[in-house]
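Novice: what shape does this take:
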Amino acid sequence: SAMSSAATPAQAEQLREDRRRVRSLIETVGVPGRYSIATNIGDLQRVLLKERDRFESIIVEHLLNCAERQPERVSVYATVIGVLNAEEPDYAEKFLARLAERLQRSFDDGNFFTAKYYSRLLAELATARVVILEAITNLLDRLLIAAEEPATPQARADTHVSLVLGVLPFCAPLLERQAPDMLKNTLATIEAYMGRRTINHVPYVTQLRDAPQPQDDALAVLWQQTVALRAEGWDERVLLHLQNKFTDVLEKAQQHTFPLVMIPDHPVARYPAPAIKLLLFEPADTLDDPVLPGPTAASRGLVEQIIADTIVSGQQQYFQAASLLGDLIDALPKVPVAYLIVEVYFNELLRLPQPVTPPFYLNALLCELIQVHPAVSPVLVVAMDRMYKSAGHLDIECFERYTSWLAHFLNFFDFKYPWADAVDCLTMADDSPQIAFVRETLARTLRLTYHSNLEKATPRQLASLLPPRPAWRGPASDDPGYSAVLAALTSRDVSESSLAAILDSLSVPDQPHDSEAAEALRVATLLQAVLQGAGRGTSHAAALLDKAQATLQTLIGAKPGLQAVAVGVLVDGWRDGPQIVAIFLDQLVRRGLVAPAAAVRVLLGENRLEHILRHSTWEAIFAAVDACEAVVQQAIARVATMEEAGDASAADSARLARDAAIAAEREGLTALFLSIVDALGRHIQQSAAAGAVFETRFWTVLTGRLTHTARKYARALAARGGLPAVRAAIAAASEPVQALLPVVEYFA
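Specialist: Next up, the predicted model:
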C-alpha cells in the first residue's frame, strides 16, 4: 500500500482523495465536454506521469478496467498508453504485461466478451505504435488456426471468427498498409469458412417465425458488414482513431513485443450460442434525415457493435451505460443512433437461447436512457407497436420474455401504456395472438400492483381480458375437519403428534381408515390449511408449511398418487394466483414432498389439456424442474463437503441422497418431454377423428413449447440419461411428431 503506517489521519485522507481523483480522471478521459479529447489526453498524461511513483499499480489496473468496461472509448485508452510510452516506455511495458495476463485469462476462462474487448485494445495499441505489428497478427492467426483445426465444433469456430471480425475494423487500415498479404489471407480464410458453414441452428434460435421483419444469422450479417467495409477501403467515420492526432509523438516512441496468446479448447457449452439478427427497422422508417443505413452497411455494423458492447459492459452501472448511449446519439448526428439502440436492445432482450444480460438490468437501463435522451421514447413506441403486431410470429419463449419485460417496464411509468391501440384485438378470435398478448401482459402486470390499480390503468373495453383477483379457492371455512386442522396449525404450541391425531380422525364414508381415499383426504386437508395462508402473504404460508412439513412427509412418503393430490390441491386452490402456484411448487419439490415427475403429470394430464396453452402452467412446470436441479446441485456439493471432511459414513449417505436426487430429476425431465409428445399425438388423433386439420394454434403453441423445453432442458436430459426414452417415444409417434426429433437432438 502507498499509505504509510505512520501517516496522520489528514495525510491518509489526502492520499485517498488523490487516489480517487486519479481514478476519476482515467474514467472520464474522452468524455465530451468543454475541452477536446486531445487536451484531455494530454492533461491525463501529465497527471499519470506525476503520480506514477505513488499509484503506478492502481493506474495500470484502472486503465485496463476502463478499457474493458467502456469499450466504446478503447481508442482513447490506447492513445493514453501511447503518449505515456513516448515519455516512459517501461510504464507502457508494465501495462502490456498486465494486458497479456488478462487477455490470456479471458481465453482460459472462456470469457469471450472480455477477450474481445482486450483484443480490440491490443489492435488499437498496434495502431498507436505501442506494440509491434506481430502482436495483433499473431493473435488473429492463432484464432483462425484454432477455428480451422480438424473436427473443431462449429460453436468454437464461430466464436473465433466472430472475434477476428470484431477486431478487424480497429486494425485493418494498419494491416492494409504494412501487412496487406496477411490481411488478404485472413479475409480469404474467413470467406472460405463462411462458405462451408452450416446454419442448421437458425430455426431453433429465431425470435420471429414467418414474420415480415427480415432476420438473418448474426455472424453472416457481421461478415457482410465486413465485406462492405473492405469495399470502402476500410474508410469509416465511426471509430475515433485518436492516434492520428498524436502521430508526431507516437512515431518516435519505442515499440514493444507482446507474448503469444494461447487459444485453449473448451467444452462446446462454454462458447456463445449462435444468434439471429432481428431487424425491427428499415431505411423507410427514418423518412427524415438521417436515413437508417441498410442492414449490411459497414457504418451500421460498427455503431451496433459499440451499442452492444456498451449494453453488455455496463451491467454494473446502468446509469453510466445510459449516459454513454445518450452521448453516442449526439456524437453521431449523421446516423439515426436512437433506432439502432432500440433495435440492439430488443435483440439482446430476445436473444435465444438466453440473453447475455439479466432482464432487470435491461429494464433499468432503458428507463434511465429515456430520461437521458428524448430521441429514444418515440422510437421505442414504434418498436412496441411492431412487437404487438408481431405477437403471432414470436417464439413462445420470446413472447413470455417480452410480456414479462413489458410488465416491469410499465411498472416504472404507473402502468401507462397505449392500451387503446390494442382494443382492435377484441374483434379477433379468442385464441388470437394479440388477445393472448394483452392477457399475458395484464396478468404479469398484476404481480407488480394491486388489482384495483390495474383496473384504473386499463381501458374499460379491455376489462374482459383482465385477470381475476387472486383468491384462495379451497374448502369452506365451516368444514369441520378443515377448521380443526387450520386451528391446530395456526396455534403456537402445535406439535407433530397433535396434528397427526387430528388428521387421523378424518375419514371417508364407506372407506377403510387406511384407504387411498382417506389418505388423500388427510393430505389435501392439511395442505389446504397451509396454502390458504398465502392469501395473507407467501411468507405466512411458508411458515405454516414449516410446521406441517414433517407430517406431510409422513403422510405422502414416496407415493406418486398422494404427490399428485398435493399438486392438485395447490393448482386448483390457487388457480387464479399463478405466481403463488410457481412459488409453492418450487417449495414442495425442494422440501422433497413432491417429485417433479408428479407435478408434470398433473399439470399436463389429459384432464387439464385446456390449461396447456396457459403460460402459467409452464411457469409452474419449469419451477418444479428447476427446483429439482437445485436439489441435485446441493446434494453434489454435500458429497464433496463430506468427502473433504473425511467422514466416510456421512459421505455414503450423501451419495445416496445425490443419486436419489439425480434419479428424480431424470424421471421429471423424461416425464416432461414424454407428456408433450403424448399431448401432440393425442391432438393429431382427435383432429383426424373429427376430420379436421391438426395444424391449429394448439399445435403451433405446443410445438413451440417443445422447442422451448428442449432449449432449457435437452442437455440436462441427455446428461441424466433420459434422452433414449424420449427418442424412442418420438420415433414411435406419428410422422408429424417424428419430424420434431431434430429439435431435441440439436439442443441435446
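
Novice: so, low pLDDT: which residues of the protein?
Specialist: 1-7, 32-35, 212-214, 287, 289, 476-478 (pLDDT under 70).

Novice: most distant residue from the middle of it?
Specialist: Asp510 (54.8 Å; Cα atoms, centre = their mean).

Novice: does it count as helix, strand or coil?
Specialist: Following DSSP: H, G, I helix; E, B strand; the rest coil, the label given to Asp510 is coil.

Novice: can you report phi and psi for it?
Specialist: phi 60, psi 20 (degrees, to the nearest 10).

Novice: so who does it touch?
Specialist: Residues counted as contacts of Asp510 (Cβ atoms under 8 Å, 6 or more residues apart in numbering): none. C-beta here means a position set from N, CA and C on the backbone, and glycine is covered the same way.

Novice: okay, now the nearest residue to Leu506 once chain neighbours are set aside: neighbour count?
Specialist: Excluding its sequence neighbours, the residue lying closest to Leu506 (Cβ to Cβ, 6 or more residues apart in numbering) is Gly481, at 4.8 Å. Neighbours of Gly481 under the rule other Cβ atoms under 10 Å: 20.

Novice: from what I can see Gly481 touches Asp504, true?
Specialist: No: using Cβ atoms under 8 Å, Gly481 is not in contact with Asp504; the gap is 11.1 Å.

Novice: now do the shared contacts for those two.
Specialist: Counting by Cβ under 8 Å, 6+ apart, nothing touches both Gly481 and Asp504.

Novice: ok, now how distant is Pro353 from Ile276?
Specialist: According to Cβ to Cβ, to the nearest Å, Pro353 stands 11 Å off from Ile276.

Novice: which secondary structure state is assigned to the residue lying closest to Gly30 once chain neighbours are set aside?
Specialist: Take Gly30 and drop its neighbours on the chain: the residue closest to it by Cβ to Cβ, 6+ apart is Val76, 3.6 Å away. Secondary structure, three-state DSSP: Val76 is helix.

Novice: for Val76, give me its contacts.
Specialist: So Val76 contacts Val29, Gly30, Ile37, Ile41, Leu240, Leu242 (Cβ under 8 Å, 6+ apart).

Novice: how about a cut-off of 10 Å?
Specialist: By Cβ atoms under 10 Å, 6 or more residues apart in numbering, Val76 lies in contact with 29-31, 37, 40-41, 44, 66-67, 70, 124, 240, 242.

Novice: now those: which count as buried?
Specialist: Val29, Gly30, Ile37, Asn40, Ile41, Leu44, Cys66, Ala67, Gln70, Glu124, Leu240, Leu242 (16 or more other Cβ atoms under 10 Å).

Novice: dump those residues to a markdown table, plus secondary structure and distance to Arg720.
Specialist: Output for the buried ones among the contacts of Val76, formatted as a markdown table (DSSP: H, G, I helix; E, B strand; the rest coil; distance: Cβ to Cβ, whole Å):
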| residue | secondary structure | distance to Arg720 |
| --- | --- | --- |
| Val29 | coil | 52 |
| Gly30 | coil | 51 |
| Ile37 | helix | 55 |
| Asn40 | helix | 56 |
| Ile41 | helix | 56 |
| Leu44 | helix | 55 |
| Cys66 | helix | 44 |
| Ala67 | helix | 42 |
| Gln70 | coil | 43 |
| Glu124 | helix | 46 |
| Leu240 | coil | 51 |
| Leu242 | helix | 53 |
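
Novice: Val571: which of these is nearest?
Specialist: Gln70 (48.8 Å; Cβ to Cβ).

Novice: check contacts around the closest one.
Specialist: Counting by Cβ under 10 Å, 6+ apart, Gln70 has contacts 27-31, 76-77, 117, 309-310, 313-314, 317, 320-321, 324.

Novice: how much space separates it from Ala728?
Specialist: From Gln70 to Ala728 the distance is 53 Å (Cβ to Cβ).

Novice: doesn't Asp216 lie inside a strand?
Specialist: Yes: counting by three-state DSSP, Asp216 is part of a strand.

Novice: quick check: closest non-adjacent residue to it.
Specialist: Asp216's closest residue in space is Lys277 (Cβ to Cβ, 6+ apart), at 5.3 Å.

Novice: and whichever helix or strand that neighbour is part of, what does it pack onto?
Specialist: For Lys277, the host element (DSSP states H and E) is strand 276-278. Here strand 276-278 touches strand 215-217, helix 218-231, helix 337-349, going by 3 or more Cβ pairs under 10 Å, 6 or more residues apart in numbering; DSSP states H and E.

Novice: need the winner for burial among these.
Specialist: helix 337-349 (a mean of 23; mean count of other Cβ atoms under 10 Å).

Novice: beyond that helix, next helix or strand please.
Specialist: Immediately after helix 337-349, counting by DSSP H and E, sits helix 359-372.

Novice: who does that following helix touch, helix- and strand-wise?
Specialist: helix 298-313, helix 318-331, helix 337-349, helix 376-389, helix 396-411.
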